[in-house]
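In: Predicted model and sequence below, questions to follow.
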Amino acid sequence: MTSRFLLFLFCVLSFPAVNAQSAKKDIESSVDALNKAMISPDKSSLDNLTADALSYGHSTGIVENKQEFEKNVLTGPVKFSSIENTNQTIDIADNTAIVRCYSAIKGSNNGAVLDLKIGILMIWQKQGDHWRLLARQGYKLPQ
């Protein structure tokens with residue numbers, strides 16, 4: 001009887017850790033999918049990965065809503081060839097995740113070479129069964 005109770009207690013106490021690890025993997029996959037959808041612009045993917053109330057802030061200070069963000073990724077002057085995130089951390093509180101990372105972005109801006117290294121703070125929100133980007137702010141790194 002005691003061993004059954006201890007097994008039950010172990011399962012109950014370890015469930016939140018397993019659940020958090022699963023959520024972190026889902027968020028990592030969502031971040032990767034967003035980067036891919038920006039490199040190979042895909043409206044359906046962008047729409048599914050972002051919340052309707054999206055606030056997308058660039059390191060230049062420009063802030064876009066969801067429609068502006070999607071339009072600029074699909075038809076804007078910036079074309080991404082690679083987006084590499086490093087030092088990524090994910091903290092989860094209920095249905096909200098805070099993601100921080102450094103990002104090396106390569107591509108072009110109006111035909112000129114784009115080679116950018118910035119910090120990024122993202123807020124992802126669990127909506128139904130999916131994590132969606134609710135807010136993102138890029139910032140310049142100190143030199």
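Out: Structure received. None of the values given here were measured: they were computed from a predicted structure.
In: Show me the helices in this structure, by range?
Out: 2-39, 43-49, 66-75 (DSSP state H).
In: Touching the last one from outside, list them.
Out: With contact meaning CB atoms under 8 Å, 6 or more residues apart in numbering, helix 66-75 is reached by 37-38, 41, 43, 46-47, 50-54, 56, 64, 78. Just so you know, the C-beta spots here come from the backbone N, C-alpha and C atoms, and that holds for glycine as well.
In: which parts of that helix are buried?
Out: K66, F69, E70, N72, V73 (16 or more other CB atoms under 10 Å).
In: check contacts around the residue nearest the centre of the chain.
Out: Closest residue to the average C-alpha location of the chain: V31 at 3.7 Å, with CA atoms, centre = their mean. Neighbouring residues of V31 by CB under 8 Å, 6+ apart: N85, Q88, V99, C101, M122, W124.
In: Got a PyMOL select line for the buried ones in these?
Out: Paste this into PyMOL to select the buried members of the contacts of V31, with burial taken from 16+ other CB under 10 Å:
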select buried, resi 85+99+101+122+124
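In: and which of the contacts of V31 is nearest G111?
Out: N85 (25.5 Å; CB to CB).
In: which residue sits closest to the closest one, ignoring its sequence neighbours?
Out: Nearest non-adjacent residue to N85, counting by CB to CB, 6 or more residues apart in numbering: C101, 4.3 Å away.
In: quick one: pLDDT of the one you found?
Out: pLDDT, C101: 98.
In: Name the spans of the protein whose pLDDT lies under the cut-off.
Out: 1-20 (pLDDT under 70).
In: hmm, 90 instead?
Out: Applying pLDDT under 90 to the chain flags the ranges 1-22, 142-143.
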